[in-house]
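Student: Just the structure for this:
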Amino acid sequence: MAYFILFYETVDDYLEKRGTYRQVHLKHAENAKKDGHLVLAGAFANPADGAALIFKSDSPEIAETFAKNDPYVQNGLIKNWSVREWTVVIE
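Tutor: As a prediction, this is how the structure comes out:
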């Protein structure tokens, strides 16, 4: 198993737009946590211009699939996303 970080870059008016999709987005994240793949997730603050979600899996496909099915991505709140493998040295 390896770690992968899903990085989100949000649109400028993300805080104003997220309300409609927030509960469905959080449910999507909760399901990924229950499945045992999502380890941590949270938004960046000051400024609120992105987020990072850490996954533990055999490949980046889990994180990529999460992003493609995320209501925030599907509804244009995320202008860019990427997945990077993360080498953890202390766990």
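
Student: Surely residue 45 is within a strand?
Tutor: No - counting by DSSP: H, G, I helix; E, B strand; the rest coil, one finds residue 45 to be coil, located in no strand.

Student: Could you pull up the residues touching it?
Tutor: For residue 45, the contact set (Cβ atoms under 8 Å, 6 or more residues apart in numbering) is empty. For the C-beta atoms, the positions are set from N, CA and C on the backbone; glycine is no exception.

Student: Mind pulling up the pLDDT for residue 91?
Tutor: Model confidence at residue 91, expressed as pLDDT, equals 87.

Student: For it, give its distance to residue 35.
Tutor: Between residue 91 and residue 35 the distance, using Cβ to Cβ, to the nearest Å, works out to 20 Å.

Student: do the same with residue 10
Tutor: To residue 35, residue 10 is 24 Å away according to Cβ to Cβ.

Student: Which residue of the two possesses the greater neighbour count?
Tutor: Neighbours were counted for residue 10 and for residue 35 using other Cβ atoms under 10 Å; residue 10 has more, 22 against 11.

Student: The more buried one against residue 49, yeah?
Tutor: Yes - using Cβ atoms under 8 Å, residue 10 is in contact with residue 49, at 5.8 Å.

Student: In the protein, which residue is most central in space?
Tutor: residue 53 (4.2 Å; Cα atoms, centre = their mean).

Student: what's the strand or helix carrying it in contact with?
Tutor: Using DSSP states H and E, residue 53 sits within strand 50-57. Around strand 50-57, the neighbours that count as contacts under Cβ under 8 Å, 6+ apart are 1-10, 29, 32, 36-44, 62-63, 66, 86.
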